[in-house]
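J.: Below are the sequence and a predicted model for it; my questions follow.
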There are 2 protein chains.
Amino acid sequence: MIKEPIHDKKSCNQHIMAVHDAMYILNGRWKISIIASLCFNTLRFTDLLREVEGISGKMLSRELKNLEENQLVTRTVLNTQPVTVEYELTEYGHTLKEVIDSLAKWGHNHRKKITGKD
Amino acid sequence: MIKEPIHDKKSCNQHIMAVHDAMYILNGRWKISIIASLCFNTLRFTDLLREVEGISGKMLSRELKNLEENQLVTRTVLNTQPVTVEYELTEYGHTLKEVIDSLAKWGHNHRKKITGKD
DNA sequence: GTCATCTGATTACCAAAAGTAACTGTAACA
DNA sequence: TGTTACAGTTACTTTTGGTAATCAGATGAC
């Protein structure tokens, strides 16, 4: 059997760079949580304030703007009284589902490890 | 066929909470990149300074301490001259591989989307 | 012998990001 | 008339992160 290093330097660096690229888009404390919340449902600003535990209005509005710029989220103003605004993951945003799911899986397991409970 | 909501509120919230738990451990700008770099190889402090693009010594040392506290990384001082220190993912740290891989996959795809290149 | 260098950090100082709380403005409700 | 809900924005403070200098121990160069 021919022995070769499983991870050559080039593919290794590509891997690291790819993670770096992803984190460049998902930077900051809130984006991943916001995307996770939008994974299942379209939500309004106030819904998100409630769902994303601990976020402030300022940060939510700032992060949503940034996610919109990166085409992960769409913002739709509805013609209601008072005005409501819906935030929704774009098709491209939904490609992050696998990332979110693996994070959720790990987080769930971690909670079990720490608390001993399920 | 019985219609039921695919995502009931409870499992939804659990999912979001699990992501939150994961991000609580992986917070800050650098941890995920550090873990990605350690995924393949044990690395020394200086190696990490080079591999984790843009990190400063202060942050690297701070983040490594935190990762050690959370039992994701081990620190081993080698009896060389000058002293070298090796950082290695723990077994538990390696459970993050799936997360890292899905991030790398998404990041790779995102780079393609942005640059048009592979 | 002493100067520069390599190792893995730490410190003081400054800049950027994030948190807090108050405020905007419109409209329904009581 | 006053309160509530909507989706934010603003001024101010705190926390986090970045930069550059420094530490300490040992090696190699001159």
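T.: That came through fine.

J.: Confirm that A:V85 sits in a strand.
T.: Yes. Under DSSP: H, G, I helix; E, B strand; the rest coil, A:V85 falls within a strand.

J.: List the beta-bridge partners for it.
T.: Residues found in beta-bridge contact with A:V85 (criterion: DSSP bridges) are A:V77.

J.: That one is in contact with A:V73, isn't it?
T.: No. Using C-beta atoms under 8 Å, A:V85 makes no contact with A:V73, being 11.4 Å away. The way it works is simple: take the backbone N, C-alpha and C, and place the C-beta from them, glycine included.

J.: Test my guess that A:R44 contacts A:T84.
T.: Yes. Contact between A:R44 and A:T84 holds when scored by C-beta under 8 Å: they sit 5.3 Å apart.

J.: re earlier: mind checking which of A:V85 and A:V73 has more residues around it?
T.: For the pair A:V85 and A:V73, the greater number of neighbours falls to A:V73 (22 against 15), based on other C-beta atoms under 10 Å in any protein chain shown.

J.: hang on, the more buried one packs against A:E91?
T.: No. Assessed by C-beta under 8 Å, A:V73 is found out of contact with A:E91, at 11.3 Å.

J.: With A:I35 as the reference, measure out to A:I25.
T.: 10 Å (C-beta to C-beta, to the nearest Å).

J.: Skipping adjacent residues, who's closest to A:A104 in space?
T.: The spatially closest residue to A:A104, leaving aside those adjacent along the chain, is B:A18, at 4.1 Å (C-beta to C-beta, 6 or more residues apart in numbering or on different chains).

J.: For that neighbour, I want the exact helix or strand it lies within.
T.: In this assignment (DSSP states H and E), B:A18 forms part of helix B:9-25.

J.: contacting residues around the one residue sitting closest to the centre of chain A?
T.: Central residue of chain A (C-alpha atoms, centre = their mean): A:I32, 2.6 Å from the mean position. Listed by C-beta atoms under 8 Å, 6 or more residues apart in numbering or on different chains, the contact set of A:I32 reads A:L26, A:V99, A:I100, A:L103, B:V19, B:M23.

J.: before we move on, what about A:K112?
T.: Contacts for A:K112 (C-beta under 8 Å, 6+ apart) come out as A:D118.

J.: For my notes, confirm it occurs in a strand.
T.: No. A:K112 is assigned helix when assessed by three-state DSSP, not a strand.

J.: Next one: it, what pLDDT does it get?
T.: Looking at A:K112, its pLDDT reads 94.
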